[in-house]
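>>> Sequence first, then the predicted structure:
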Amino acid sequence: MASTFEQMRANVGKLLRGIDRYNPENLTTLERYVETQARENAYDLEANLAVLKLYQFNPAYFQTTVTSQVLLKALTNLPHTDFTLCKCMIDQTHQEERPIRQILYLGNLLETCHFQSFWTSLEENRELIDGITGFEDSVRKYTQLKVWLNKFGWTENEDGQIFVYNQEESIKPKNIVEKIDFESVSSIMATSQ
């Protein structure tokens, strides 16, 4: 099955080169590729952005399900900015449609480190991630940031803002001791006179 996916990736890669990238006739292939990414736990940002760009150019072809899959796959790639890139390519009216609005809300919770609220909201909307293989595992990797908070003494205030520990406050002087014997210095001193 992996070889089938790799073959599909290569074919899509050829489609994305040149002017064919914006050919609406290729949209069906690209949408199928997005569905394959979701099923195979793979990710191709360039292809996903091409789908969203084609939806911008051809609003009549817009597919809410495919757009939702693109957004969810982008969430699996946090902390990279893929989610923001994808979100910016979706028309405001489509952003307010039910599944997309919910995914944008989940993305906002993740990006603002409201992990407890994220998991609660996800549990209430499990149908959103149906068919997205590896979604929860990818998000768990991202949420390991909490581990870093504890490890490095970072703090979170009442408003949910995270303060990174200032390294300058903890600088400790280090004494450097060099041992130089007289023989190694005597040749330098003799040449300088």
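Received it, and whenever you're ready, just let me know what you need.
>>> where do the strands sit along this protein?
Counting by DSSP state E, the segments of the chain that form strands are 155-156, 162-163.
>>> Can you say which of those is nearest to Y55?
strand 162-163 (34.7 Å; C-beta to C-beta). From N, CA and C alone the C-beta is placed, and that goes for glycine too.
>>> pretty sure Y142 contacts A74?
No. Distance between Y142 and A74: 11.9 Å, which falls outside the contact criterion (C-beta atoms under 8 Å).
>>> Neighbour count: those two, which is higher?
Residue environment comparison for Y142 versus A74 gives the larger neighbour count to A74, 24 against 18, counting by other C-beta atoms under 10 Å.
>>> Can you name the residues that contact that one?
With contact taken as C-beta atoms under 8 Å, 6 or more residues apart in numbering, A74 is in contact with L45, N48, D82, F83, L85, C86, G107.
>>> Make a ChimeraX selection of the buried ones in the residues you listed.
Paste this into ChimeraX to select the buried members of the contacts of A74, with burial taken from 16 or more other C-beta atoms under 10 Å:
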select :45,48,82,83,86,107
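>>> Give me whichever of the strands of the chain is most buried.
Each of the strands of the chain was given a mean neighbour count from mean count of other C-beta atoms under 10 Å, and the largest, a mean of 12, is that of strand 162-163.
>>> And the average pLDDT for that one is what?
Per-region confidence: strand 162-163 scores 70 on mean pLDDT.
>>> Hmm, L30 is touching L52, no?
No. Between L30 and L52 there is no contact, the gap being 9.9 Å when judged by C-beta under 8 Å.
>>> Just the CA atoms from stretch 97-116 would do, formatted as PDB, please.
As requested, C-alpha coordinates have been extracted for stretch 97-116 and formatted as PDB (Å, rounded to 0.1, in the frame of the first residue of the first chain):
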ATOM      1  CA  GLU A  97     -19.600  26.300   8.000                       C
ATOM      2  CA  ARG A  98     -20.100  23.800  10.800                       C
ATOM      3  CA  PRO A  99     -17.200  21.400  10.500                       C
ATOM      4  CA  ILE A 100     -14.700  24.000   9.400                       C
ATOM      5  CA  ARG A 101     -15.700  26.400  12.200                       C
ATOM      6  CA  GLN A 102     -15.200  23.600  14.700                       C
ATOM      7  CA  ILE A 103     -11.800  22.600  13.300                       C
ATOM      8  CA  LEU A 104     -10.700  26.300  13.400                       C
ATOM      9  CA  TYR A 105     -11.800  26.400  17.000                       C
ATOM     10  CA  LEU A 106      -9.800  23.300  17.800                       C
ATOM     11  CA  GLY A 107      -6.800  24.800  16.000                       C
ATOM     12  CA  ASN A 108      -7.100  28.000  18.100                       C
ATOM     13  CA  LEU A 109      -7.200  26.000  21.300                       C
ATOM     14  CA  LEU A 110      -4.000  24.100  20.300                       C
ATOM     15  CA  GLU A 111      -2.200  27.200  19.100                       C
ATOM     16  CA  THR A 112      -3.000  29.000  22.400                       C
ATOM     17  CA  CYS A 113      -2.000  26.000  24.500                       C
ATOM     18  CA  HIS A 114      -5.400  25.400  25.900                       C
ATOM     19  CA  PHE A 115      -4.800  21.600  25.800                       C
ATOM     20  CA  GLN A 116      -7.500  20.600  28.400                       C
END
